[in-house]
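K.L.:
Need the 3D shape of this:
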Amino acid sequence: MEELISIIVPVYNVEEYIEKCVESIINQTYKNIEIILVDDGATDNSGKICDELGKRDSRIKIIHKANGGLSDARNAGLKIAKGEYIGFVDSDDYIAKDMFETLYNLNKKYNSEISIVSFYEIYKGKVIGVRDSKNLEELTKIEAIRELLIDTNIQSYAWNKLFKKELFDGLEFPTNKNFEDIATTLLLFEKANKVVLLEDPKYYYVRRDNSIVGVRNYKTYKDYLDVILDKYNYLDGKYEELDLYNAYNYIINMIWVYTIIVAFDLEEVYKEFEKQYDLFEKLINKYENEITDKLDNYNKSVLYMMLLNKEYSKPAVKQLYKTYKEKRNEGDFGVQI
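P.N.:
Residues are numbered from 1 along each chain as shown. Prediction:
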């Protein structure tokens with residue numbers, strides 16, 4: 001008999017998107033699912049729409065709670081989940097009808113605790129990014145964490161993965177912080193013996209300018225700086241074979257934060273960035289050749305401008321970001337910015 005999959009959907013002010021999202025879950029080819037909609041204190045009609053959707057399918061469970069943020073909503077879903085497996089879908093996204101069947105079959109066939117599929121990145125109604133090679137990789141814990149740190153084939157997102165529920169024993173998403181996936185996914189990978197990745201896109205990630213990552217403010221990027229430093233410190237020296245990749249991940253993220261600070265004139269965040277710059281320089285000095293060999297031309301250019309003079313280089317970096325952003329929005333997704 002097929003095992004139960006609990007699919008947790010945090011819901012907050014997404015009245016334009018939630019019905020399409022939930023319909024895509026209801027119509028899954030894998031039928032033994034429970035759909036947990038967590039209304040996180042929505043102030044629009046999202047909560048009412050959840051109630052209406054619940055009348056259509058007995059597999060839907062609804063939690064209405066005070067607003068506590070994405071992590072708190074996911075944790076609320078985890079507390080009532082009865083499935084042997086846990087999946088997540090963000091309420092402004094949607095999924096292919098066979099996504100959870102594919103993920104479940106991967107876990108069973110390869111005896112893995114985590115399975116992953118690739119995704120489409122959608123912006124203003126068109127695909128601007130996808131990995132569609134159909135390659136399949138079986139990864140040990142260390143290999144999977146390495147790929148997570150490289151951040152090309154595997155990202156920290158919770159939503160394109162299926163987890164054995166037991167991995168969450170003793171774990172919760174950290175509350176009152178943005179970018180909670182980054183902290184939690186690493187710990188989940190660390191508890192797994194095997195991870196399997198299939199580069200077959202089954203998830204539709206809808207980029208919105210008013211999403212968490214799209215909001216350019218102090219808290220968003222202060223949280224990001226905190227989480228990348230915490231992750232670096234957590235792994236520093238823990239697995240010798242991952243030291244280079246840990247440094248690479250920290251450096252590439254610092255480059256990204258610097259670019260965003262410059263592009264959007266976030267001077268308050270710049271002060272926080274400066275507090276970590278000594279570590280950034282230390283790691284560059286230690287691993288410069290190995291790191292630069294792994295960078296694409298865009299990030300390599302930003303890095304060299306930072307190291308030359310990060311104050312003087314701001315106008316040039318701002319223009320570079322604008323140019324690459326335009327290319328990406330036109331469908332050239334060869335660079336992550």
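K.L.:
Okay, buried residues for stretch 257-271 please.
P.N.:
Neighbour counts over stretch 257-271 (16 or more other C-beta atoms under 10 Å) mark 257-263, 266, 269-270 as buried. All C-beta spots, glycine's among them, are computed from the backbone N, C-alpha and C.
K.L.:
what about the stretch 151-300 of the chain, any weak spots by pLDDT?
P.N.:
209-216 (pLDDT under 70).
K.L.:
can you give me the strands for it?
P.N.:
161-164, 194-207 (DSSP state E, counting those that start in this stretch).
K.L.:
With respect to residue 50, which of the ones you listed lies nearest?
P.N.:
strand 194-207 (18.4 Å; C-beta to C-beta).
K.L.:
Deepest-packed of the strands of the stretch 151-300 of the chain, please.
P.N.:
strand 161-164 (a mean of 24; mean count of other C-beta atoms under 10 Å).
K.L.:
Now residue 225. Nearest residue, chain neighbours left out?
P.N.:
residue 272 (5.3 Å; C-beta to C-beta, 6 or more residues apart in numbering).
K.L.:
Would you indicate which residues of stretch 140-148 are buried?
P.N.:
Within stretch 140-148, the residues scored as buried using 16+ other C-beta under 10 Å are 141, 143-148.
K.L.:
quick one: contacts of that stretch?
P.N.:
114, 139, 153-156, 185-186, 189-190, 192-195, 197, 235, 239, 241-242, 245 (C-beta atoms under 8 Å, 6 or more residues apart in numbering).
K.L.:
Could you turn the buried ones of the residues you listed into a PyMOL selection?
P.N.:
In PyMOL syntax, the buried subset of the contacts of stretch 140-148 is picked out as below (16+ other C-beta under 10 Å):
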select buried, resi 114+139+153+154+155+156+185+186+189+190+192+194+195+197+235+242+245
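K.L.:
Show only the entries of the contacts of stretch 140-148 found in helices.
P.N.:
If you go by DSSP state H, the contacts of stretch 140-148 have 185-186, 189-190, 235, 245 in helices.
K.L.:
Save those as CSV, and put in distance to residue 297 too.
P.N.:
Below are these laid out as CSV (distance: C-beta to C-beta, whole Å):
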residue, distance to residue 297
185, 28
186, 28
189, 29
190, 33
235, 27
245, 21
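K.L.:
mind listing what residue 59 touches?
P.N.:
26, 33-35.
K.L.:
For the residue nearest the centre of the chain, which residues are in contact?
P.N.:
In the chain, the centroid-proximal residue (C-alpha atoms, centre = their mean) is residue 157; its distance is 2.4 Å. Contact analysis of residue 157 by C-beta under 8 Å, 6+ apart lists 119, 181, 185, 205.
K.L.:
what about the first one, is that helix, strand or coil?
P.N.:
What that stands for is residue 119. Of the three states, residue 119 takes strand under DSSP: H, G, I helix; E, B strand; the rest coil.
K.L.:
I figured it was touching residue 200, is that so?
P.N.:
No: Residue 119 is not in contact with residue 200 according to C-beta atoms under 8 Å; the separation is 9.9 Å.
K.L.:
Can you show me the helices along the stretch 51-200 of the chain?
P.N.:
Taking DSSP state H, counting those that start in this stretch, the helices of the stretch 51-200 of the chain run over residues 70-80, 99-110, 141-150, 180-191.
K.L.:
just the angle between the shortest one and helix 180-191, please?
P.N.:
If I follow you right, that is helix 141-150. Per axes from the mean of the first three to the mean of the last three C-alpha atoms, to 10 degrees, the angle that helix 141-150 makes with helix 180-191 is 160 degrees.
K.L.:
for the second one, same thing?
P.N.:
Orientation check (the same axes, to 10 degrees): helix 99-110 against helix 180-191 gives 20 degrees.
K.L.:
and the spatially closest residue to residue 263 that is not a sequence neighbour, what pLDDT?
P.N.:
Sequence neighbours aside, residue 321 is the residue nearest to residue 263 in space, at 4.4 Å (criterion: C-beta to C-beta, 6+ apart). With respect to pLDDT, residue 321 scores 89.
K.L.:
low pLDDT regions in the stretch 1-150 of the chain?
P.N.:
1.
K.L.:
please redo it, this time with the cut-off set to 90
P.N.:
1-2, 122-133 (pLDDT under 90).
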